[in-house]
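Student: no sequence on hand, only this structure:
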């Protein structure tokens, strides 16, 4: 192939590489990121939602499973890129940048699945992948719901790790 043709093909590929990530399918209007933000990248999470058996706040003799934290590996196109944990927080293993989230909206994730979420993002550290993240969506959840029963005084303090998967969409200002 001659040089001018190769250069033309290279230039034609640039818009594809720079195209924004499409909004996830099936989200409600309430779960949409604010105007002026666009999806920058998507990470897949595979891990657990951790629950502990604790007394109910309004009845010390009744017990319930209480959410403690997520713990998941993050991948992008099948490659390990980070970790998701308490806070909630997301951290890159390559550049150590991170972002924390605060839940703004919820959407039912379907029977047996944790809810879909819209979170406000606050970049915590670093100038890498998570720098500038303003919103995060958790969608396409599978599993992760609290155990159905078996939480009583004899199990107080015990933790249960429930497997889950989800897609996380990370938004930045345009």
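Tutor: Okay, I see it. Keep in mind the model is a prediction, meaning the values are calculated, not measured.

Student: what's the following helix or strand after the strand ranked longest in the chain?
Tutor: With DSSP state E setting the assignment, residue counts place strand 37-56 as the longest strand in the chain. Toward the C-terminus, strand 37-56 is succeeded by strand 59-76 as the next helix or strand (DSSP states H and E).

Student: circling back to that earlier point, hey, what's the angle from the longest strand of the chain to strand 59-76? Just curious.
Tutor: Between strand 37-56 and strand 59-76, the angle formed by their directions is 150 degrees, by axes from the mean of the first three to the mean of the last three Cα atoms, to 10 degrees.

Student: what is strand 37-56 packed up against?
Tutor: strand 59-76, strand 79-85, strand 133-143, strand 159-173 (3 or more Cβ pairs under 8 Å, 6 or more residues apart in numbering; DSSP states H and E). Bear in mind the C-beta positions are built from the backbone N, C-alpha and C, glycine included.

Student: can you rerun that using 6 Å?
Tutor: Secondary structure elements in contact with strand 37-56, counted by 3 or more Cβ pairs under 6 Å, 6 or more residues apart in numbering; DSSP states H and E, are strand 59-76, strand 159-173.

Student: tabulate the ones you listed in a markdown table, adding columns for mean pLDDT and mean neighbour count.
Tutor: Formatted as a markdown table, the helices and strands packed on strand 37-56 follow (pLDDT from 0 to 100; neighbours: other Cβ atoms under 10 Å):
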| stretch | mean pLDDT | mean neighbour count |
| --- | --- | --- |
| strand 59-76 | 95 | 15 |
| strand 159-173 | 97 | 19 |
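
Student: need those strands in CSV with distance to residue 132, can you?
Tutor: Output for the helices and strands packed on strand 37-56, formatted as CSV (distance: least, Cβ to Cβ, whole Å):
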stretch, distance to residue 132
strand 59-76, 17
strand 159-173, 5
